[in-house]
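1. Need a 3D model of the following:
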Amino acid sequence: MSSKATGVFFNDSTKIILDAGGYYFDYYERRASDKKDIGKGHRLQDYPKELQKKVTLLQHFRSYLEGSDKEKEMKLEEEERKACEPSSLEPPLRKNDQIVYVKKWMRTRHAIMFRLSNKIVQVNF
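-> Residues are numbered from 1 along each chain as shown. Have a look, this model is predicted:
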């Protein structure tokens, strides 16, 4: 995302978005009754066990998107280590309505289209 956040849209239509700092992520599930996404924020070092696989995939995607050269890998490891250390200087949790994420996407022969949570539509040719 342009905000430097990293997100994954899973096959089960759940979404997970890691903030630019790498400290917090938001997990969204679609409520069947009214088809609204319900989000819950978590710290990267403290989240429910049932999200372990999805968080691991998120971290792998983030690492891939940032590049694979050794310097970036070492920087990412350092950031992850710092994220796991308790700190009184951690940024406060933010409201879920501040997060922009992919709500739906569609691929055609000529383009990929994304509908974002802020109702912006992005088309990549």
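2. Chain neighbours aside, what residue packs nearest to the most centrally placed residue in the chain?
-> Of all residues in the chain, the one closest to the mean position by CA atoms, centre = their mean is residue 17, 1.6 Å from it. Sequence neighbours aside, residue 7 is the residue nearest to residue 17 in space, at 4.0 Å (criterion: CB to CB, 6 or more residues apart in numbering). (C-beta placed from N, C-alpha, C; glycine too.)
3. what's the neighbour count on that neighbour?
-> 19 (other CB atoms under 10 Å).
4. where does this structure have its least confident helix or strand?
-> Counting by mean pLDDT, DSSP states H and E, the chain has its least confident helix or strand at helix 70-84, which shows a mean of 60.
5. What's the first helix or strand after that helix?
-> Next in sequence after helix 70-84, counting helices and strands by DSSP states H and E, comes strand 102-107.
6. buried set for that next one?
-> If you call a residue buried by 16 or more other CB atoms under 10 Å, then strand 102-107 has these buried ones: 102-103.
7. and that strand, which strands flank it?
-> Each strand paired with strand 102-107, and its direction, by DSSP bridges: strand 112-116 (antiparallel).
8. Quick one: residues in contact with the next helix or strand after the partner strand.
-> Towards the C-terminus, the helix or strand next in line after strand 112-116, according to DSSP H and E, is strand 121-124. If you take CB atoms under 8 Å, 6 or more residues apart in numbering as the criterion, strand 121-124 is touched by 111-116.
9. now those residues as a markdown table including neighbour count?
-> Converted to a markdown table, the contacts of strand 121-124 look like this (neighbours: other CB atoms under 10 Å):
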| residue | neighbour count |
| --- | --- |
| 111 | 11 |
| 112 | 12 |
| 113 | 13 |
| 114 | 16 |
| 115 | 14 |
| 116 | 15 |
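10. Would you convert these into CSV that also reports distance to residue 46?
-> Supplementary listing: those in CSV, determined by distance: CB to CB, whole Å:
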residue, distance to residue 46
111, 39
112, 34
113, 35
114, 30
115, 31
116, 28
